[in-house]
Structures are given as structure tokens and as C-alpha cells.
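Novice: The following comprises the amino acid sequence and a computationally predicted model.
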Amino acid sequence: MKRKHYWLILLNPLFLLVYALGLRTLSRFFQWGGVARRLPLIALLGGAGILWFVIWTIVYFRKKKRKVMKNNVVLSVLLAAEGIVFVILTGVYGRQIYHSAQPYNGKLAWVLDDWRNTRKIAFEQRDFFKYGLDGIVTALEDGAGLAEGSELYTANTFSVTVSADGMIERVDGYLYSFGTEKNGTEEGKQEQSWLISYDASAGEKMTVRLNGAVNTDYRKQEQLSPMFAMADAVREQGLPEISGGQSAWTMRYSGYTTKVCESTWYQLTETGDLTSYFWNNYGENKDAFFLTISWGNTEIAAVFCGEGIMQTRQQEEEQKEAATKKEEAQEQGQTLLTDQDGSMTFYLDADDAMRLVVTDAAAGSRFYEFYNGDIHNADPFDGNIGVAEGIYFTDVRTGFILLSFASRDSSSMYYTNDGGASFQQAALPVEEAAADMEGNEFSFTTDDMDYIETPCEEDGELKVRVSTSAADVGTYALLFTSADDGATWEYAGIQTVSGE
């Protein structure tokens, strides 16, 4: 019982109260922060607990004679209770502290994240007219893990402000790279990113945040090397707009983009020369890599290079992809493709295709014209506007087009038996399902069933389903079949998500 006496006194109720308050305050500090408000209390409570532990330990173990406690059930129970309370307090608040250290869950998480992913690096080569923008790359290579020789890309607008005396004052941007190739292959290349923030007035160090998420879908359009080439041309050849050296100016670069003429333009030629570019009309636009130069928010000049090259590559890729999809659809037959503008093409087979072409749009709705070989229908939906939901033809003469409204809560089906020269709205006997729908788990009625899905042929039979909206397709639907290629329809039962 000698050591029981030590623990019994050490874990006395007052100590446990101080311990609980200390852990509670520490947990809230890690969760919400608050150095000025909580840290002094944590120090006070923690100091009191440590002081009590030290004093009691010294007093207890320096006693030459200690009173030996007899086995006492009450004292044993009390010690056990103190121990249980101590463990519970440690577990509960320890779990809360651990939770606050997980990403996005508390102040501690952000502190740990900054410690892992934020660097303060030296930025010494600030003289723009001596080093250009290479000093930024050197700083990243020396202090932020950028592999030498890596191609850099910009994820957003990259801006650099240069003072009147030619020193870089500010740098802001989000750059990323894929490292360098090993042995001429892609093996070992790893995505890296750097969120850069530098302000000379705030200190000599450049703040760089690592390992951020970045969209890398358009790497070629976001290459940073054109900006460096244009900046070097400005540095070496100069521009009248900044030659006076009277105030700071800012360069901004967003990769390959479309820009409208609104200032003096210069073109960086393939030989590396800056030449004046005279645009025809104010408001003319151009696709190229642009470096804009401004005083504050007022653009005074723009340099561009690579006019049209990226657009041509992108167009070629899109054309190849569209051609491949078309070939697959023609080979497969009875396949629907949708263009970016909402126009639709239904490939019946390799020779025949039906199209709904968007001719105008307003307030979320579209106007369409229908084409089927030599047949052209300028108003296939009989004056109604909305969003085309589908096209389905069983042969070159017989088929359907569907139109939904902007909310996609309802749709209409239009039928033709003359190849699309004329359409009439199809009528489905929805009211025949009233008896079967009584007491359904969704409390739907026939009035709710007004979203017609695109027809299809299954097991040699033409079928169409009707549900409550596009969002509920497959959940609960009325099934209709046709024995005369869609001229008339018969109710065939209810289908739920289980397929019954």
C-alpha cells in the first residue's frame, strides 16, 4: 500500500479539477486558437499541476519513515475512481486534440499544415533589368524544391510588379510543374505546385506554399516560358511606356488566352524582336500568349507571341475527337450525340442521321430546327421552346423528338411518320395507371407523371417510360408499349428502381 498512498494523494480531486480545466483549455486552444486569451491560463494551470507533482514527489520520497496504510477497501475504491477519472479525462480531451490536428478540423491542423507546406525563402536576384524573371526561378530552385530544368506552368494570373528603379517589388501567382524527365521517359515525374506571395515592403523573404491542388487539364496553354521570353524582350529592348522610370509598373500573364485590343500592342517575333502591332479596330481580339503591362489597374501596353498556334492545336484535337465519335456512332447505329451548344444528332446507321440544331437561345430555353437528309423543319416543336431531351428513329420515316422545360420536371414527345417534315405531339394513356398507382410508396399520382423519357426498342418491342422528372428517372415509372411504331400506345404497368 506504500505506492497507493502516493498515487491517492497525487490524484486528489483538486488536482483532477485543475487537470480537467487545463486539458479543456488546451483542447479549445488547439481547436480555435487564441494565444492572448488561452495561453496564459494554460501556462497557469499546467504550471500548477507540474508544481504539485514535483512538490508531492519530493516530499513523499524524502520521508524516512512513511506511514504504511492498511488494506482499506474504501481507499482502494477511491484510488481506482481517481485513476478512472484521470484516464477518461486524458482520453476524451486527447481525442479532441487529435481531431483538431486533422486537416481542416481546427487551428492546430492549419498550424501543422503551414509547418509542412509553407516556406520562407530568400529572394536575392530582384534586379529585373539585370536578371529578368530568372531570379524567381532561382529562388524556387534553391529554397522550394523546384527541379532544375523543369517546365513551369501558371494555374492563374501570374503578376510581377517592378519599381521605378527596376527592382521587383511584388510577385503573386500559382505555378506548377511536373519535374524533369529521367532517361528521356516520363518515369519519376511528380506534380509540384508553388503558391507565391512576395511583397518587398513586408520583408526580404518570399512566402511559398507547396503541394496545393491544381487543375492540370490545359498544360500547354499555361506554359510560363512565353512570359519569360516576352519579359526578357522588354528588359533588353525596352518599351516607350515604361522607359521614363517615373513609377512602378506591373506585368500580368495568364497563359494562352483571347484578348481584346485596348492599349498599345507589341508583337514578339520569331527572331526575338519587339515590333509595334497596329490593330484594325478598337475592340479587335486575338488568341495568343499575352503579357500585359499596367500602372495600377490601367493597362498601358501588351506584348503577345504565339498567335493562333494553340487554338489550331486545340481545334485539331477537338475535330479528331468529334470525327472518332461520329465514326463509332455510324458504325454502331441508333446512337445519339450532343454538341457543346446543345444541338443533337441521331445516327440511325452509317448513311442516315437526324439533327436538332440550336438556332437561338433565351432564358435557359432554346429554339431548334430539324434536319433529316433533304427534309428541313424550321419549327419541329410547333412553337414550343425548351431543351431538347432526345431523338429516336426506328427508320428514316418514323421517329420521335423530345422537348423538356428548363426545370426538366416535365417533357413532351413529338411523333413523325414522314421523316420529320411534320411532327405531332404524342398522347400517352397515363390515366390508365391510376388504379395501379394507388398507395404507392412515393405517394405519386397520375398528375405527377409528366416526364417522358426517350423511347427505345427492347426485345423487339417499342417502349417508353414516363416518370415525375429527369431527376427521378429509374426510381418510379409508368411503362407504355406500341405495336404500330409509335402511332398509338398502350399502358403496360409500373416499373420501380428494382425493375419490377
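Specialist: Nice, thanks for sending it over.
Novice: Which residue ranges of the chain form helices?
Specialist: In the chain, the helices defined using DSSP state H lie at 2-10, 13-32, 35-62, 73-100, 107-117, 128-131, 134-143, 225-237, 309-332, 434-437.
Novice: ok, now which ones touch the closest residue to residue 224 other than its chain neighbours?
Specialist: Nearest non-adjacent residue to residue 224, counting by Cβ to Cβ, 6 or more residues apart in numbering: residue 152, 4.1 Å away. In this view, the C-beta of every residue, glycine as well, is placed from N, C-alpha and C. Residues near residue 152 by Cβ atoms under 8 Å, 6 or more residues apart in numbering: 137, 146, 175-177, 223-225.
Novice: before we move on, the earlier item: among the helices of the chain, which is nearest residue 396?
Specialist: Among the helices of the chain, the nearest to residue 396 by Cβ to Cβ is helix 309-332 (14.4 Å).
Novice: any idea how far residue 106 is from residue 31?
Specialist: Using Cβ to Cβ, to the nearest Å, we find residue 31 at a distance of 4 Å from residue 106.
Novice: Common neighbours of those two, please.
Specialist: Residues touching both residue 31 and residue 106 (Cβ under 8 Å, 6+ apart) are residue 100.
Novice: The two: which is more packed in?
Specialist: residue 106 (22 against 18; other Cβ atoms under 10 Å).
Novice: Can you list phi and psi of the more buried one for me?
Specialist: phi -180, psi 180 (degrees, to the nearest 10).
Novice: what about it, distance to residue 209?
Specialist: Per Cβ to Cβ, residue 106 is found 19 Å from residue 209.
Novice: Check residue 381 too.
Specialist: 53 Å.
Novice: again with residue 45
Specialist: Distance, residue 45 to residue 209, by Cβ to Cβ: 35 Å.
Novice: Would you mind telling me which of the two has the busier surroundings?
Specialist: Shown here are residue 45 and residue 209; by other Cβ under 10 Å, residue 45 has more neighbours (20 against 17).
Novice: nearest spatial neighbour of that one, skipping sequence neighbours?
Specialist: residue 22 (3.7 Å).
Novice: Can you report phi and psi for the closest residue to residue 225 other than its chain neighbours?
Specialist: Spatial nearest neighbour of residue 225, excluding adjacent residues (Cβ to Cβ, 6+ apart): residue 151 at 6.9 Å. Backbone torsions for residue 151, taken as degrees, to the nearest 10, come to phi -80, psi 130.
Novice: Let me know whether residue 151 touches residue 226 as I believe.
Specialist: No: using Cβ atoms under 8 Å, residue 151 is not in contact with residue 226; the gap is 11.5 Å.
Novice: more crowded one of these two?
Specialist: Neighbour count, other Cβ under 10 Å: between residue 151 and residue 226, residue 226 has more, with 20 against 12.
Novice: From the chain's centroid, how far away is stretch 448-459?
Specialist: For stretch 448-459, the separation from the chain centroid amounts to 34 Å (computed by Cα atoms, centre = their mean, to the nearest Å).
Novice: Next one: residue 272 from residue 232, what distance?
Specialist: 9 Å.
Novice: List the contacts of residue 493.
Specialist: Neighbouring residues of residue 493 by Cβ under 8 Å, 6+ apart: 436, 478-479.
Novice: Can I get the residues you listed in a markdown table including distance to residue 239 and neighbour count?
Specialist: Below are the contacts of residue 493 laid out as a markdown table (distance: Cβ to Cβ, whole Å; neighbours: other Cβ atoms under 10 Å):
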| residue | distance to residue 239 | neighbour count |
| --- | --- | --- |
| 436 | 78 | 13 |
| 478 | 70 | 24 |
| 479 | 71 | 15 |
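Novice: between the residues you listed, which is nearest residue 391?
Specialist: Nearest to residue 391 among the contacts of residue 493 is residue 479, at 20.8 Å by Cβ to Cβ.
Novice: my read: the closest one touches residue 461, true?
Specialist: No: counting by Cβ under 8 Å, residue 479 stays clear of residue 461, with 10.5 Å between them.
Novice: What residue spans form the domains of the chain?
Specialist: Domains of the chain are assigned by automatic domain parsing as 2-100, 118-305, 315-496.
Novice: Report the distance from the shortest one to the chain centre.
Specialist: This means domain 2-100. From the chain centre to the centre of domain 2-100 is a distance of 47 Å (Cα atoms, centre = their mean).
Novice: now swap in the last one and tell me
Specialist: Centroid separation for domain 315-496 versus its chain: 32 Å, with Cα atoms, centre = their mean.
Novice: Quick check: mean pLDDT of it?
Specialist: Computed over domain 315-496, the mean pLDDT rounds to 88.
Novice: hmm, back to that, top of the contacts of residue 152 by neighbour count?
Specialist: Among the contacts of residue 152, the one with the most neighbours (other Cβ under 10 Å) is residue 175, at 24 neighbours.
Novice: Run through the residues that contact it.
Specialist: The contact partners of residue 175, by Cβ under 8 Å, 6+ apart, come to 140, 152-155, 158, 193-194, 196, 224.
Novice: does it have beta-bridge partners, and which?
Specialist: residue 154, residue 194 (DSSP bridges).
Novice: separation between it and residue 100?
Specialist: Taking Cβ to Cβ as the measure, residue 175 falls 31 Å from residue 100.
Novice: again with residue 344
Specialist: Taking Cβ to Cβ as the measure, residue 344 and residue 100 are separated by 52 Å.
Novice: cool, residue 397 as well?
Specialist: 69 Å.
Novice: ditto for residue 294
Specialist: Distance of residue 294 to residue 100, given as Cβ to Cβ: 43 Å.
Novice: the more surrounded of the two?
Specialist: Neighbour count, other Cβ under 10 Å: between residue 294 and residue 100, residue 100 has more, with 21 against 18.
Novice: who touches the residue nearest in space to the middle of the chain in this structure?
Specialist: Geometric centre of the chain, nearest residue: residue 215, 7.5 Å, by Cα atoms, centre = their mean. Neighbour list for residue 215: residue 155 [criterion: Cβ under 8 Å, 6+ apart].
Novice: State the distance from it to residue 103.
Specialist: Distance, residue 215 to residue 103, using Cβ to Cβ: 20 Å.
Novice: likewise residue 148?
Specialist: Residue 148 is 31 Å from residue 103, by Cβ to Cβ.
Novice: and what of residue 345?
Specialist: Distance, residue 345 to residue 103, using Cβ to Cβ: 46 Å.
Novice: Next: residue 60.
Specialist: Distance of residue 60 to residue 103, given as Cβ to Cβ: 44 Å.
Novice: Over to residue 87?
Specialist: Distance of residue 87 to residue 103, given as Cβ to Cβ: 28 Å.
Novice: cool, residue 176 as well?
Specialist: Going from residue 176 to residue 103 by Cβ to Cβ gives 20 Å.
Novice: ditto for residue 439
Specialist: Distance of residue 439 to residue 103, computed by Cβ to Cβ: 48 Å.
Novice: Neighbour count for the two, which is higher?
Specialist: residue 103 (9 against 6).
Novice: For that one, give me its contacts.
Specialist: 109, 113.
Novice: Check the separation of the first and last residues in stretch 231-243.
Specialist: Stretch 231-243 has an end-to-end distance of 14 Å (Cα to Cα, to the nearest Å).
Novice: Let me know whether residue 168 touches residue 134 as I believe.
Specialist: No: the pair residue 168 / residue 134 is not scored as a contact, 11.2 Å apart, by Cβ under 8 Å.
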